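# predicted model and sequence below, questions to follow.
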Amino acid sequence: MGDDLAGLGRAVWGSYVANTPHKLKVIDCFLAYFALMAAVQTVYCAVGGGYPFNAYLAGMMSCVGMFVTTASLRIQVNPSNAAALAQGGGTVPTKGRAFIDWFLCSLVLHLAVFNFIG
């Protein structure tokens with residue numbers, strides 16, 4: 001079973017490397033970074049104590065919010081999602097429009113985070 005799982009992992013990774021555009025791989029790196037930062041903050045809060053708990057919550061809100069907005073950006077700029085986004089009479093956003101949406105949502109998110117920190 002372990003060999004089957006390792007083979008499956010290699011097949012998935014090989015398909016990802018071969019078929020995913022470079023821009024989406026960069027976005028995936030950002031997603032991994034935000035997930036890692038959330039994990040690091042949670043471990044630090046558990047081990048080192050979360051005295052200013054609102055700072056921990058603001059950090060988690062920032063990581064989770066950026067993960068969600070970046071995942072939305074990835075969905076919008078992925079060329080294989082164009083047909084799914086156009087269903088129901090919707091329009092497929094341009095890459096520039098998707099980036100502006102991401103930037104403005106990130107700005108509003110970080111204004112909320114700074115306000116929450118106090």
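The structure has been received and is ready for your questions. Being a predicted model, the structure only gives us computed values, none of them experimental. Numbers count the residues shown, from 1 in each chain.

# packing partners of the helix or strand bottoming out on mean pLDDT in the chain?
Counting by mean pLDDT, DSSP states H and E, the chain has its least confident helix or strand at helix 82-86, which shows a mean of 80. The contact analysis (3 or more C-beta pairs under 8 Å, 6 or more residues apart in numbering; DSSP states H and E) places helix 82-86 against no helix or strand. Heads up, the C-betas are built off the backbone N, CA and C, glycines and all.

# which stretches of the protein form helices?
Counting by DSSP state H, one finds helices in the chain at the ranges 2-19, 22-48, 53-77, 82-86, 95-117.

# what angle do the second one and helix 95-117 make?
Calculated by axes from the mean of the first three to the mean of the last three C-alpha atoms, to 10 degrees, helix 22-48 forms an angle of 10 degrees with helix 95-117.

# ok, now the first one?
Relative orientation of helix 2-19 with respect to helix 95-117: 120 degrees, computed using the same axes, to 10 degrees.

# can I get helix 2-19 as CSV, trimmed to CA atoms?
Listed next in CSV are the C-alpha coordinates belonging to helix 2-19 (Å, rounded to 0.1, in the frame of the first residue of the first chain):
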residue,chain,number,x,y,z
GLY,A,2,2.9,2.4,0.7
ASP,A,3,4.3,1.8,-2.7
ASP,A,4,1.0,2.5,-4.3
LEU,A,5,0.6,5.7,-2.4
ALA,A,6,4.1,6.8,-3.2
GLY,A,7,3.5,6.0,-6.9
LEU,A,8,0.3,8.0,-6.8
GLY,A,9,2.1,11.0,-5.3
ARG,A,10,4.7,10.9,-7.9
ALA,A,11,2.1,10.7,-10.7
VAL,A,12,0.2,13.6,-9.3
TRP,A,13,3.3,15.7,-8.8
GLY,A,14,4.5,14.9,-12.3
SER,A,15,1.2,15.9,-13.8
TYR,A,16,1.2,19.1,-11.8
VAL,A,17,4.7,20.0,-13.0
ALA,A,18,4.0,19.2,-16.6
ASN,A,19,0.5,20.7,-17.0
